[in-house]
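J.: Mind folding the following:
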Amino acid sequence: MKYLILFISLCFCFEAYPSIESDSGIFGQPYKEILNETQKWADQNPGIVHLIDYGKSVEGRPLRMVLVMKEMALPKRPAFLMSGSTHGNEFLNIETTLPVKLLETQNSEGNVKNFIESGGVLVFVPILNPDGYDHRKRDNAHGVDLNRDWSVPEADFEGFSQPETKALASQLEKLTQTPYNLNFQVTVDYHCCIGALLYPWAYTSQKLPEPDLSHHIQLAKEAKKLLSIDYGTTGDILGYYPMGTTKDYYYSKYHSLTYTYEGRFRAEDKYLESHVKWWDVMIGDYLNRSELLTSLLKMSHLLIATGKNSFNSN
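T.: Numbering: from 1, shown residues only. Presented below is the predicted three-dimensional model:
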(Lines give C-alpha, C1' and ligand atoms only; values in the text may rest on other atoms or scores of the structure.)
Protein backbone atom coordinates (compact mmCIF):
# COMPACT_ATOMS: atom_id res chain seq x y z
CA MET A 1 0.00 0.00 0.00
CA LYS A 2 2.78 2.41 0.90
CA TYR A 3 4.40 1.82 -2.51
CA LEU A 4 1.13 2.65 -4.23
CA ILE A 5 0.91 5.90 -2.25
CA LEU A 6 4.53 6.70 -3.16
CA PHE A 7 3.82 6.04 -6.84
CA ILE A 8 0.75 8.30 -6.82
CA SER A 9 2.73 11.02 -5.04
CA LEU A 10 5.44 10.86 -7.66
CA CYS A 11 2.84 11.19 -10.41
CA PHE A 12 1.49 14.33 -8.77
CA CYS A 13 5.02 15.69 -8.46
CA PHE A 14 5.69 15.19 -12.16
CA GLU A 15 2.37 16.85 -12.96
CA ALA A 16 3.08 19.81 -10.68
CA TYR A 17 6.72 20.17 -11.74
CA PRO A 18 6.97 19.57 -15.50
CA SER A 19 10.26 18.71 -17.14
CA ILE A 20 12.70 21.59 -17.02
CA GLU A 21 13.72 20.72 -20.57
CA SER A 22 10.20 21.10 -21.97
CA ASP A 23 8.16 23.46 -19.82
CA SER A 24 8.96 26.86 -18.32
CA GLY A 25 6.72 26.40 -15.29
CA ILE A 26 5.45 29.95 -15.90
CA PHE A 27 1.81 30.33 -16.87
CA GLY A 28 0.53 33.39 -18.69
CA GLN A 29 -2.97 34.69 -19.25
CA PRO A 30 -5.13 33.21 -22.05
CA TYR A 31 -4.06 34.24 -25.54
CA LYS A 32 -7.31 36.17 -26.04
CA GLU A 33 -6.36 38.39 -23.11
CA ILE A 34 -2.88 38.97 -24.57
CA LEU A 35 -4.53 40.17 -27.78
CA ASN A 36 -6.60 42.57 -25.67
CA GLU A 37 -3.43 43.79 -23.95
CA THR A 38 -1.73 44.55 -27.26
CA GLN A 39 -4.80 46.54 -28.30
CA LYS A 40 -4.38 48.59 -25.12
CA TRP A 41 -0.74 49.27 -26.06
CA ALA A 42 -1.94 50.67 -29.38
CA ASP A 43 -4.75 52.71 -27.79
CA GLN A 44 -2.39 54.21 -25.22
CA ASN A 45 0.37 54.97 -27.73
CA PRO A 46 -1.38 56.27 -30.87
CA GLY A 47 0.93 56.87 -33.81
CA ILE A 48 3.67 54.78 -32.17
CA VAL A 49 2.23 51.29 -31.68
CA HIS A 50 0.85 49.54 -34.76
CA LEU A 51 -0.84 46.13 -34.74
CA ILE A 52 -0.65 43.70 -37.66
CA ASP A 53 -2.69 40.50 -37.78
CA TYR A 54 -0.69 38.58 -40.37
CA GLY A 55 -2.53 35.25 -40.49
CA LYS A 56 -4.27 32.57 -38.47
CA SER A 57 -3.03 29.55 -36.54
CA VAL A 58 -4.10 25.99 -37.30
CA GLU A 59 -7.06 26.40 -34.94
CA GLY A 60 -7.97 29.84 -36.27
CA ARG A 61 -6.40 32.10 -33.63
CA PRO A 62 -5.16 35.42 -35.04
CA LEU A 63 -1.38 35.71 -35.43
CA ARG A 64 -0.39 39.18 -34.26
CA MET A 65 2.73 41.31 -34.31
CA VAL A 66 3.29 44.71 -32.75
CA LEU A 67 5.37 47.44 -34.39
CA VAL A 68 6.76 50.33 -32.36
CA MET A 69 7.70 53.06 -34.82
CA LYS A 70 7.09 56.61 -35.93
CA GLU A 71 5.63 57.27 -39.34
CA MET A 72 8.39 58.52 -41.63
CA ALA A 73 9.58 57.80 -45.14
CA LEU A 74 13.09 56.35 -45.16
CA PRO A 75 14.81 54.14 -47.76
CA LYS A 76 15.92 51.79 -44.96
CA ARG A 77 14.74 51.53 -41.37
CA PRO A 78 16.75 49.53 -38.82
CA ALA A 79 14.62 47.01 -36.94
CA PHE A 80 14.93 44.77 -33.88
CA LEU A 81 12.72 41.69 -33.68
CA MET A 82 11.59 39.83 -30.56
CA SER A 83 9.46 36.67 -30.65
CA GLY A 84 8.30 34.26 -27.98
CA SER A 85 6.40 31.04 -27.33
CA THR A 86 7.56 29.40 -30.52
CA HIS A 87 7.24 26.42 -28.22
CA GLY A 88 3.84 26.94 -26.64
CA ASN A 89 4.80 25.70 -23.18
CA GLU A 90 7.95 27.85 -22.89
CA PHE A 91 6.34 31.19 -22.05
CA LEU A 92 8.65 33.22 -19.79
CA ASN A 93 6.48 36.22 -18.91
CA ILE A 94 9.16 38.27 -20.68
CA GLU A 95 7.53 38.26 -24.11
CA THR A 96 4.55 40.37 -22.97
CA THR A 97 6.26 42.52 -20.34
CA LEU A 98 9.44 43.48 -22.20
CA PRO A 99 7.51 45.38 -24.93
CA VAL A 100 5.72 47.40 -22.23
CA LYS A 101 9.00 48.28 -20.51
CA LEU A 102 10.64 49.29 -23.80
CA LEU A 103 7.59 51.40 -24.62
CA GLU A 104 8.07 53.18 -21.31
CA THR A 105 11.76 53.81 -21.94
CA GLN A 106 11.09 55.27 -25.40
CA ASN A 107 9.26 58.11 -23.63
CA SER A 108 12.44 59.16 -21.78
CA GLU A 109 15.91 60.10 -22.94
CA GLY A 110 18.04 57.11 -23.86
CA ASN A 111 18.96 54.62 -26.55
CA VAL A 112 15.43 53.34 -27.20
CA LYS A 113 14.02 56.87 -27.61
CA ASN A 114 16.91 57.88 -29.87
CA PHE A 115 16.43 54.71 -31.93
CA ILE A 116 12.70 55.32 -32.46
CA GLU A 117 13.16 59.06 -33.08
CA SER A 118 15.77 58.38 -35.77
CA GLY A 119 13.47 55.97 -37.63
CA GLY A 120 14.20 52.68 -35.89
CA VAL A 121 11.49 50.04 -35.45
CA LEU A 122 10.85 47.47 -32.72
CA VAL A 123 8.91 44.40 -33.90
CA PHE A 124 7.30 42.14 -31.30
CA VAL A 125 5.67 38.75 -31.86
CA PRO A 126 4.81 37.91 -28.24
CA ILE A 127 3.17 34.55 -28.97
CA LEU A 128 4.34 32.89 -32.19
CA ASN A 129 2.48 29.63 -31.47
CA PRO A 130 -0.91 30.62 -29.94
CA ASP A 131 -2.49 27.15 -30.23
CA GLY A 132 0.41 25.53 -28.40
CA TYR A 133 0.39 28.39 -25.90
CA ASP A 134 -3.29 28.05 -25.02
CA HIS A 135 -3.06 24.23 -24.83
CA ARG A 136 0.23 24.37 -22.90
CA LYS A 137 1.98 22.22 -25.50
CA ARG A 138 5.36 22.54 -27.17
CA ASP A 139 4.14 21.93 -30.73
CA ASN A 140 1.41 23.58 -32.76
CA ALA A 141 -2.03 22.01 -33.26
CA HIS A 142 -0.65 19.79 -36.04
CA GLY A 143 1.90 18.38 -33.60
CA VAL A 144 4.79 20.10 -35.38
CA ASP A 145 7.75 21.72 -33.62
CA LEU A 146 7.74 25.23 -35.08
CA ASN A 147 11.41 25.74 -34.22
CA ARG A 148 12.23 23.03 -36.75
CA ASP A 149 10.13 24.55 -39.55
CA TRP A 150 12.25 27.43 -40.91
CA SER A 151 14.05 27.19 -44.23
CA VAL A 152 17.86 27.13 -44.12
CA PRO A 153 19.28 27.17 -47.67
CA GLU A 154 22.84 26.56 -46.42
CA ALA A 155 21.66 23.21 -45.08
CA ASP A 156 19.46 22.53 -48.12
CA PHE A 157 16.52 22.45 -45.72
CA GLU A 158 13.05 23.63 -46.72
CA GLY A 159 10.63 24.58 -43.96
CA PHE A 160 7.38 26.55 -43.73
CA SER A 161 5.09 23.55 -43.72
CA GLN A 162 2.94 25.18 -41.04
CA PRO A 163 0.67 28.26 -41.21
CA GLU A 164 2.32 29.93 -38.21
CA THR A 165 5.87 29.90 -39.60
CA LYS A 166 4.82 30.47 -43.21
CA ALA A 167 2.68 33.51 -42.34
CA LEU A 168 5.33 35.09 -40.13
CA ALA A 169 8.11 34.64 -42.68
CA SER A 170 5.87 36.15 -45.37
CA GLN A 171 4.96 39.13 -43.19
CA LEU A 172 8.57 39.82 -42.23
CA GLU A 173 9.50 39.77 -45.92
CA LYS A 174 6.73 42.32 -46.59
CA LEU A 175 8.14 44.54 -43.84
CA THR A 176 11.44 44.78 -45.72
CA GLN A 177 9.59 46.29 -48.67
CA THR A 178 7.80 49.60 -49.27
CA PRO A 179 6.30 51.32 -47.30
CA TYR A 180 8.09 49.85 -44.24
CA ASN A 181 11.58 49.25 -45.67
CA LEU A 182 12.79 47.44 -42.55
CA ASN A 183 16.38 46.25 -42.27
CA PHE A 184 16.60 43.68 -39.47
CA GLN A 185 19.62 44.24 -37.23
CA VAL A 186 18.97 41.92 -34.27
CA THR A 187 16.47 39.12 -33.64
CA VAL A 188 15.85 37.36 -30.32
CA ASP A 189 13.55 34.34 -29.99
CA TYR A 190 12.69 33.57 -26.34
CA HIS A 191 12.61 29.92 -25.19
CA CYS A 192 13.14 27.84 -22.06
CA CYS A 193 14.83 26.31 -20.04
CA ILE A 194 18.59 25.94 -20.42
CA GLY A 195 19.64 29.31 -19.03
CA ALA A 196 21.84 30.24 -22.00
CA LEU A 197 22.07 32.47 -25.05
CA LEU A 198 22.51 30.65 -28.36
CA TYR A 199 23.66 32.08 -31.69
CA PRO A 200 24.13 30.49 -35.18
CA TRP A 201 24.79 28.09 -36.55
CA ALA A 202 22.45 25.59 -34.93
CA TYR A 203 22.47 22.95 -37.68
CA THR A 204 26.26 22.54 -37.93
CA SER A 205 29.47 22.87 -35.95
CA GLN A 206 30.78 25.27 -38.60
CA LYS A 207 31.52 28.69 -37.11
CA LEU A 208 30.18 31.98 -38.42
CA PRO A 209 32.54 34.08 -40.53
CA GLU A 210 34.21 37.15 -39.09
CA PRO A 211 33.32 39.81 -38.12
CA ASP A 212 29.86 38.28 -37.58
CA LEU A 213 31.08 35.75 -35.01
CA SER A 214 32.87 38.37 -32.91
CA HIS A 215 29.90 40.71 -33.01
CA HIS A 216 27.54 37.94 -31.86
CA ILE A 217 29.92 37.11 -29.02
CA GLN A 218 30.27 40.77 -28.06
CA LEU A 219 26.55 41.17 -27.40
CA ALA A 220 26.41 37.70 -25.82
CA LYS A 221 29.05 38.79 -23.31
CA GLU A 222 26.83 41.73 -22.39
CA ALA A 223 23.97 39.30 -21.81
CA LYS A 224 26.20 37.15 -19.60
CA LYS A 225 27.21 40.21 -17.59
CA LEU A 226 23.64 41.40 -17.08
CA LEU A 227 21.76 38.10 -16.91
CA SER A 228 24.38 35.67 -15.56
CA ILE A 229 23.94 33.14 -18.36
CA ASP A 230 26.30 31.16 -20.55
CA TYR A 231 26.49 31.62 -24.32
CA GLY A 232 27.53 29.72 -27.43
CA THR A 233 26.08 27.78 -30.35
CA THR A 234 23.49 25.05 -29.87
CA GLY A 235 26.22 22.50 -30.44
CA ASP A 236 28.49 24.18 -27.88
CA ILE A 237 25.84 24.34 -25.17
CA LEU A 238 23.51 21.42 -25.87
CA GLY A 239 25.68 19.05 -27.87
CA TYR A 240 23.30 18.52 -30.80
CA TYR A 241 22.55 20.24 -34.12
CA PRO A 242 18.86 20.98 -34.78
CA MET A 243 17.66 21.82 -38.27
CA GLY A 244 15.20 24.58 -39.18
CA THR A 245 15.56 26.99 -36.24
CA THR A 246 14.55 30.64 -36.20
CA LYS A 247 18.08 31.87 -35.60
CA ASP A 248 19.54 30.01 -38.56
CA TYR A 249 16.77 31.31 -40.80
CA TYR A 250 17.08 34.94 -39.66
CA TYR A 251 20.86 34.91 -40.03
CA SER A 252 20.65 33.29 -43.46
CA LYS A 253 17.80 35.49 -44.72
CA TYR A 254 18.59 38.88 -43.17
CA HIS A 255 22.23 38.55 -42.10
CA SER A 256 21.18 39.97 -38.74
CA LEU A 257 22.61 39.26 -35.33
CA THR A 258 20.34 36.42 -34.23
CA TYR A 259 19.85 34.72 -30.88
CA THR A 260 17.76 32.13 -29.15
CA TYR A 261 17.43 33.12 -25.51
CA GLU A 262 16.93 30.04 -23.31
CA GLY A 263 15.40 31.27 -20.05
CA ARG A 264 15.45 29.63 -16.63
CA PHE A 265 12.76 27.33 -15.23
CA ARG A 266 10.19 29.30 -13.21
CA ALA A 267 12.60 32.19 -12.77
CA GLU A 268 13.25 34.21 -15.94
CA ASP A 269 10.56 36.82 -15.30
CA LYS A 270 12.49 37.86 -12.19
CA TYR A 271 15.19 39.16 -14.56
CA LEU A 272 12.91 41.50 -16.52
CA GLU A 273 14.86 44.66 -15.71
CA SER A 274 18.09 42.98 -16.81
CA HIS A 275 16.46 42.05 -20.11
CA VAL A 276 15.45 45.70 -20.60
CA LYS A 277 19.08 46.73 -19.95
CA TRP A 278 20.39 44.13 -22.40
CA TRP A 279 18.05 45.41 -25.12
CA ASP A 280 19.17 48.95 -24.33
CA VAL A 281 22.80 47.83 -24.75
CA MET A 282 22.06 46.14 -28.09
CA ILE A 283 20.22 49.19 -29.40
CA GLY A 284 23.03 51.43 -28.15
CA ASP A 285 25.55 49.23 -29.96
CA TYR A 286 23.60 49.70 -33.19
CA LEU A 287 23.37 53.47 -32.70
CA ASN A 288 27.12 53.73 -32.04
CA ARG A 289 27.97 51.69 -35.13
CA SER A 290 25.51 53.70 -37.21
CA GLU A 291 27.01 56.97 -35.97
CA LEU A 292 30.53 55.74 -36.77
CA LEU A 293 29.47 54.67 -40.27
CA THR A 294 27.79 58.05 -40.86
CA SER A 295 30.95 59.86 -39.73
CA LEU A 296 33.11 57.75 -42.04
CA LEU A 297 30.79 58.39 -44.99
CA LYS A 298 30.81 62.13 -44.31
CA MET A 299 34.61 62.08 -44.14
CA SER A 300 34.78 60.10 -47.39
CA HIS A 301 32.45 62.55 -49.15
CA LEU A 302 34.50 65.48 -47.85
CA LEU A 303 37.74 63.97 -49.15
CA ILE A 304 36.17 63.35 -52.56
CA ALA A 305 34.76 66.88 -52.67
CA THR A 306 38.17 68.40 -51.90
CA GLY A 307 39.98 66.16 -54.38
CA LYS A 308 41.68 64.10 -51.68
CA ASN A 309 41.47 60.47 -50.70
CA SER A 310 43.17 58.15 -48.27
CA PHE A 311 45.56 56.87 -50.99
CA ASN A 312 46.67 60.24 -52.30
CA SER A 313 46.39 63.17 -49.91
CA ASN A 314 49.41 65.21 -51.05
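J.: beta partners of the spatially most central residue of the chain?
T.: Nearest to the geometric centre of the chain sits residue 188, at 2.3 Å (CA atoms, centre = their mean). For residue 188, the beta-bridge assignment (DSSP bridges) gives partners residue 82, residue 259.
J.: Correct me if wrong: it contacts residue 261.
T.: Yes. Counting by CB atoms under 8 Å, residue 188 does reach residue 261; the two are 5.6 Å apart. The way it works is simple: take the backbone N, C-alpha and C, and place the C-beta from them, glycine included.
J.: Find the residues that touch each one of the two.
T.: Among the neighbours of residue 188, none is also in contact with residue 261 (CB atoms under 8 Å, 6 or more residues apart in numbering).
J.: ends of stretch 233-243, how far apart?
T.: From its first residue to its last, stretch 233-243 covers 13 Å (CA to CA, to the nearest Å).
J.: Return the set of buried residues in it.
T.: 233-235, 237-238, 241, 243 (16 or more other CB atoms under 10 Å).
J.: Over to stretch 260-277?
T.: The neighbour-count check on stretch 260-277 (16+ other CB under 10 Å) flags 260-266, 268-269, 271-272, 274-277 as buried.
J.: One more: stretch 247-258?
T.: In stretch 247-258, counting by 16+ other CB under 10 Å, buried: 247-254, 256-258.
J.: How about stretch 61-79?
T.: 61, 63-69, 77-79.
J.: ends of that stretch, how far apart?
T.: End-to-end distance of stretch 61-79 (CA to CA): 26 Å.
J.: And it, how far out from the chain middle?
T.: Counting by CA atoms, centre = their mean, to the nearest Å, stretch 61-79 is centred 15 Å from the centre of its parent chain.
J.: what's around the nearest residue to residue 151 once chain neighbours are set aside, how many residues?
T.: Nearest residue to residue 151, sequence neighbours excluded (CB to CB, 6 or more residues apart in numbering): residue 159, at 4.4 Å. Residue 159 has 19 neighbouring residues, counting by other CB atoms under 10 Å.
J.: same thing with residue 29?
T.: Residue 29 has 12 neighbouring residues, counting by other CB under 10 Å.
J.: Now do the contacts for it.
T.: residue 37.
J.: Let me know the pLDDT of it.
T.: pLDDT for residue 29: 96.
J.: now swap in the one 10 residues further on and tell me
T.: On pLDDT, residue 39 comes in at 98.
J.: what about it, which SS state?
T.: Under DSSP: H, G, I helix; E, B strand; the rest coil, the three-state class of residue 39 is helix.
J.: give the contact list for it.
T.: Residues in contact with residue 39 (CB under 8 Å, 6+ apart) are residue 51.
J.: And it, how close does it get to residue 234?
T.: Distance, residue 39 to residue 234, by CB to CB, to the nearest Å: 36 Å.
J.: Next: residue 216.
T.: In this view, residue 216 and residue 234 are 13 Å apart by CB to CB.
J.: Over to residue 77?
T.: 30 Å.
J.: and if you look at residue 138?
T.: In terms of CB to CB, residue 138 sits 17 Å off from residue 234.
J.: sorry, back to before: want to try a markdown table for the buried residues of stretch 247-258, with distance to residue 112 as columns?
T.: Shown next, in a markdown table, are these (distance: CB to CB, whole Å):
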| residue | distance to residue 112 |
| --- | --- |
| 247 | 23 |
| 248 | 28 |
| 249 | 26 |
| 250 | 21 |
| 251 | 24 |
| 252 | 28 |
| 253 | 25 |
| 254 | 21 |
| 256 | 18 |
| 257 | 17 |
| 258 | 20 |
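J.: could I get these as JSON lines with secondary structure, pLDDT and distance to residue 56?
T.: What follows is those, written out as JSON lines (DSSP: H, G, I helix; E, B strand; the rest coil; pLDDT from 0 to 100; distance: CB to CB, whole Å):
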{"residue": "247", "secondary structure": "helix", "pLDDT": "98", "distance to residue 56": "25"}
{"residue": "248", "secondary structure": "helix", "pLDDT": "98", "distance to residue 56": "26"}
{"residue": "249", "secondary structure": "helix", "pLDDT": "98", "distance to residue 56": "21"}
{"residue": "250", "secondary structure": "helix", "pLDDT": "98", "distance to residue 56": "23"}
{"residue": "251", "secondary structure": "helix", "pLDDT": "98", "distance to residue 56": "28"}
{"residue": "252", "secondary structure": "helix", "pLDDT": "98", "distance to residue 56": "26"}
{"residue": "253", "secondary structure": "helix", "pLDDT": "98", "distance to residue 56": "23"}
{"residue": "254", "secondary structure": "helix", "pLDDT": "98", "distance to residue 56": "25"}
{"residue": "256", "secondary structure": "coil", "pLDDT": "97", "distance to residue 56": "27"}
{"residue": "257", "secondary structure": "strand", "pLDDT": "98", "distance to residue 56": "30"}
{"residue": "258", "secondary structure": "strand", "pLDDT": "98", "distance to residue 56": "26"}
